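**Student:** My questions concern the predicted model and sequence given below.
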Amino acid sequence: MNDAPFYVDSCVVLSLFLGDSGYGAAEQWLFNQGDQPLWVSHWVLLEFAGVVALCLRRSALTTQRALAIQSEFECFRQERLSLLEPRGGDYLQARQWLEQQEGPPLRSGDALHLALAKRHNLAIASADQGLTRAADALNLPCQLIR
């Protein structure tokens, strides 16, 4: 087990607020964290907004429900999550990992999450097996939530 505070991946907060199949595991994981500091980045906020907007365009959410989800998430973020701002060095680190031919299969957004977590000495908390496999391959601390 890892003692570093957690950087929470977008899929975890999306499960909490959209109530998808990962909701139960995300809720239990969050409960188990107690008062431990939890971190997200502006990138997580952007991904969250993008998924909510996509659900709205696909009529999976009403406008009223989408606005409520966004508002509830912002309240939760202010009360429970600390916010990290990506820097140029984070993008450079992410790009270097993406350019490694022998590196793990990695999506660009996930590489940015990992770079932010690395710079701040945080462990990644995610339900995304691809992201946690990449973190393991890069020797970065992570926890798969399931």
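**Tutor:** Ah, there it is. Residues are numbered from 1 along each chain as shown.
**Student:** Distance check, the nearest residue to Arg87 once chain neighbours are set aside against Leu92.
**Tutor:** Ranked by CB to CB, 6 or more residues apart in numbering and with sequence neighbours excluded, the top spatial neighbour of Arg87 is Arg119, at 7.7 Å. Heads up, the C-betas are built off the backbone N, CA and C, glycines and all. Distance of Arg119 to Leu92, computed by CB to CB, to the nearest Å: 11 Å.
**Student:** who has more neighbours, these two?
**Tutor:** Arg119 (15 against 11; other CB atoms under 10 Å).
**Student:** Can you check the pLDDT for that one?
**Tutor:** Per-residue pLDDT puts Arg119 at 98.
**Student:** correct me, but it touches Gln93?
**Tutor:** Yes - the pair formed by Arg119 and Gln93 meets the contact definition of CB atoms under 8 Å, at 7.5 Å.
**Student:** returning to that earlier point: quick one: contacts for the residue nearest to Arg87?
**Tutor:** 87, 89-90, 93 (CB atoms under 8 Å, 6 or more residues apart in numbering).
**Student:** which other residues reach the longest helix anywhere in the chain?
**Tutor:** Longest among the helix segments of the chain by residue count, using DSSP state H, is helix 63-80. For helix 63-80, the surrounding residues in contact (CB under 8 Å, 6+ apart) are 13, 16-18, 38, 40, 45, 48-49, 52-53, 55-56, 61, 83.
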